[in-house]
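Q: attaching a predicted model along with its sequence, questions to come.
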Amino acid sequence: MQPKRRWETLEALRISRKGRLPYYRDSLLQEENMLEGCRSPKLSTYSGWVLEQLHARSSWNMMCSDNSTAQESSLPLSSLKNALSPTLQLTSALSPSEPTNITKTLDLHPPEMEQEPSVMLLSPRAVEVEGCIRQYQKIHRIKGKEELQERQERQEQLGKNMSDLASEQLKRFEELLELKHRQECQNLRELMEKGCKEALGQQEKLKEEHRHRAKILKLKLREAEQARQRQEEGRERLHHLYAIQEEVLQLNQQIDPNYKQKELLRMDISGYSSRGNQICGLVSGLIRTCSEQGLPTQEDISSGERALKDMRDLIRNLQQDLAAAVEKKRRKDEEEAMAKEKEKALDQVQEMKTQAPTPVPTQEPRHKEKADLQVKADISMMVWYQQLQDKCAQCVASFSVLTSSKDPQIKRLKMDLQKAATIPVSQISTIAGSQLKEIFDKINNMLSGKQIPCAGRMVSVTQHPHGLDFVYYKLAEKFVKQGEEEVASHHEAAFPIAVIASGIWELHPRVGELILAHLYKKCPYSVPFYPAYKEGMPTHEHQRALGYQVEDSKVEQQDNFLKRMSGMIRLYAAIIQLQWPYGTKQGAHPHGLNHGWQWLAQMLNMEPLVDVTATLLFDFLEVCGNALMKQYQTQFWKLILLIKEDYFPRIEMITSSGQMGSVTRLKQFLQQCLQQKEVPLPKGVLTSTFWRT
């Protein structure tokens, strides 16, 4: 019963509050408690074996101690074994190899046991209890170390596993981020490609719209150009129709003054007057209809030309009838005069027979007759005139292949070249100097062989071997025609046309020669040259040689003739004094004021013509007088004085009372210049301010 009570005692101690308190013998148990917490100690299955080992050592120690101690420790070993019989029974149940393993685990070497302080037991029971407690504590401490080591290994393994897991998760996260980044880049790239494709599609669409609009605009420009050409042709037809009406009215006015001679000539011309009024009404109605409907058509022009032809035929018939009546009256008057002279002669003879002859004193003439002036032009001028006409004829012959060709392409090229040469000259005006410079550059570029736009196409004189000669001729012809038409109607237009003609003349001398050739042919008074009448020459041919326009043997009216001659002389007077301000050479004028002085001197050496001489002298001096005054000074004033005192009386002698208009203008101009000692600047002269606009 004693061993049983021991175990009950141990069990009671373990269950008690004090038995549950931990005992820390050294720092190792303290570390174990910190790790284990408040876990209560439990006896292992190896407790019996441990107590047996401890009992063997304690028996050895008790043999060497005092007698009192030996008596107390001389308890039979069987009692200890009986007390620890449950433990020994558990130990014997184990395999023989397990105690060895426990011994190795406990590592209980004799030296270590010797180092521990000896416990002085008062009784064997206390020693046994104390030994059991110490063995139990050691075993528990060793087990705690093993569990601590295992736990540390598990924690390390867990930390390693967690680290590996975190690394793997980080890698997966980075791969996910990289995948998202690639997807975003791919989406952005696809979006950019889509935007680029849309932009390219939009650009192509805009290009297509631009081409479509350009095509439409080109068609509109072509239509506008065609409309403009139609308008221009219509305006030309309208001007032509106005000219027809003006000429018809002027021709009709020639009928009225002849009524004064109807009683003298004893002829009735009322039929001519009625027919003339009828033709005038027809032309006026035609123009009124054209004004209401718009621009006239070619049929209207044909109708107007037929009316003009009828009026000219009417005037010619009237003139023929009047001439016949005048000739008949003249012959009758001559016969009557001859009869009277015969009677007078007979009377004188009878008188001489009855009376003696008496001497009659001779008288000196009160005024000495002036020397006669020449009728023909100077020989050198005529040689120069003939040379220019020959050059003009050679130029026409050189491009005859171009004008006579029936090839549609060459015909179209000829029309394009003619438009390129004449249209810029028609656009010359006094609006601004910059506009004149553009026109000059366009003409110069064309003559230099460059391509210029014309009627929606590019044209150049190099497209045909004789294209340059053709353009030279048409350009010179257009300049003279502008003087004949534009300057004749607007005197101020002479200066812008002349300054461009002078500049082109300086850069392209052949154009200047052709300008003079056309001018001399249309206005022989610019030489000056008075074509003489040759025996056998038709009257209309002589009139054409004098500069009159003759159509169907009908000669133009004197007023219209003088107007055209005035325009050409004004253009010539402007050309000889102007020079292109933007020229690079800035050399001498190709046809300067010396030619104007020569023309004026030659004009004063020839007999004056009715209307023509007074008109041309006034126009020339009004345009060019100021420049001649500055150039020749005293000599110029001597020439003006000569005109007033010597030449002007000759003009008055040949001028009838109904033709004094031009003579009066010339007289007033000469008097004003001599009184003010100054020739005024002509109207429309180009100033420095004009070239800055």
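A: Received, thanks. Residues are numbered from 1 along each chain as shown.

Q: so what's Val425 closest to, chain neighbours aside?
A: Of all residues not flanking Val425 in the chain, Lys478 sits nearest, at 4.5 Å (CB to CB, 6 or more residues apart in numbering). All C-beta atoms are positioned from the backbone trio N, CA, C, and that covers glycine.

Q: doesn't that neighbour belong to a helix?
A: Yes - the assignment for Lys478 is a helix, going by DSSP: H, G, I helix; E, B strand; the rest coil.

Q: was I right about it contacting Ala421?
A: Yes - at 6.5 Å, Lys478 counts as touching Ala421 under the criterion of CB atoms under 8 Å.

Q: more crowded one of those two?
A: Using other CB atoms under 10 Å, the more surrounded residue of Lys478 and Ala421 is Ala421, with 24 against 21.

Q: mean confidence (pLDDT) on the helix or strand harbouring Arg213, please.
A: Using DSSP states H and E, Arg213 falls within helix 124-253. Averaged across helix 124-253, the pLDDT comes to 87.

Q: just how off-centre is that helix within its chain?
A: Using CA atoms, centre = their mean, to the nearest Å, the mean C-alpha position of helix 124-253 is found 39 Å from that of the whole chain.

Q: same thing with stretch 443-462?
A: That offset, for stretch 443-462, works out to 19 Å (CA atoms, centre = their mean).

Q: and that stretch, how far apart are its ends?
A: 14 Å (CA to CA, to the nearest Å).

Q: what does it contact?
A: 218, 221-222, 225, 229, 413, 416-417, 419-421, 423-425, 442, 467-468, 470-472, 475, 500, 503-504, 507-508, 511 (CB atoms under 8 Å, 6 or more residues apart in numbering).

Q: at 7 Å what do you get?
A: For stretch 443-462, the external contacting residues (CB atoms under 7 Å, 6 or more residues apart in numbering) are 221-222, 225, 416-417, 419-420, 424, 442, 467-468, 471, 504, 507-508.

Q: so Val685, which of the three states?
A: Quick answer, by three-state DSSP: Val685 is coil.

Q: how close does it sit to Gly567?
A: Per CB to CB, to the nearest Å, Val685 is found 17 Å from Gly567.

Q: these two: which is more packed in?
A: Gly567 (26 against 16).

Q: please name the nearest non-neighbouring residue to that one.
A: Nearest residue to Gly567, sequence neighbours excluded (CB to CB, 6+ apart): Ala488, at 2.9 Å.

Q: element containing the one you found?
A: Take DSSP H and E as the rule and Ala488 turns out to sit in helix 488-489.

Q: contact partners of that helix?
A: Here helix 488-489 makes contact (CB under 7 Å, 6+ apart) with 563-564, 566-567.

Q: chain center to that helix, what's the gap?
A: From the chain centre to the centre of helix 488-489 is a distance of 37 Å (CA atoms, centre = their mean).

Q: tell me which helix or strand comes right after that helix.
A: helix 494-507.

Q: quick one: average pLDDT of that following helix?
A: For helix 494-507, the mean confidence score works out to 91.

Q: one more: stretch 640-653?
A: Mean predicted lDDT for stretch 640-653 stands at 89.

Q: which residues does stretch 662-680 contact?
A: So stretch 662-680 is contacted by 611, 614-615, 617-618, 621-622, 625-626, 629, 640, 643-644, 648, 651-652, 655 (CB under 7 Å, 6+ apart).

Q: filter the residues you listed down to the ones in helices?
A: 614-615, 617-618, 621-622, 625-626, 629, 640, 648, 651-652 (DSSP state H).

Q: which of those are buried?
A: Burial by neighbour count, judged by 16 or more other CB atoms under 10 Å, picks out 614-615, 617-618, 621-622, 625-626, 629, 640, 648, 651 from the ones in helices among the contacts of stretch 662-680.

Q: those residues: which two are farthest apart?
A: Longest distance between any two of those is 22.6 Å, between Asn626 and Ile651; criterion CB to CB.

Q: would you list every one of the strands in this protein?
A: 452-454, 457-459, 550-551, 554-555 (DSSP state E).

Q: what packs against the last one?
A: The elements that strand 554-555 packs onto, with contact taken as 3 or more CB pairs under 7 Å, 6 or more residues apart in numbering; DSSP states H and E, do not include any helix or strand.
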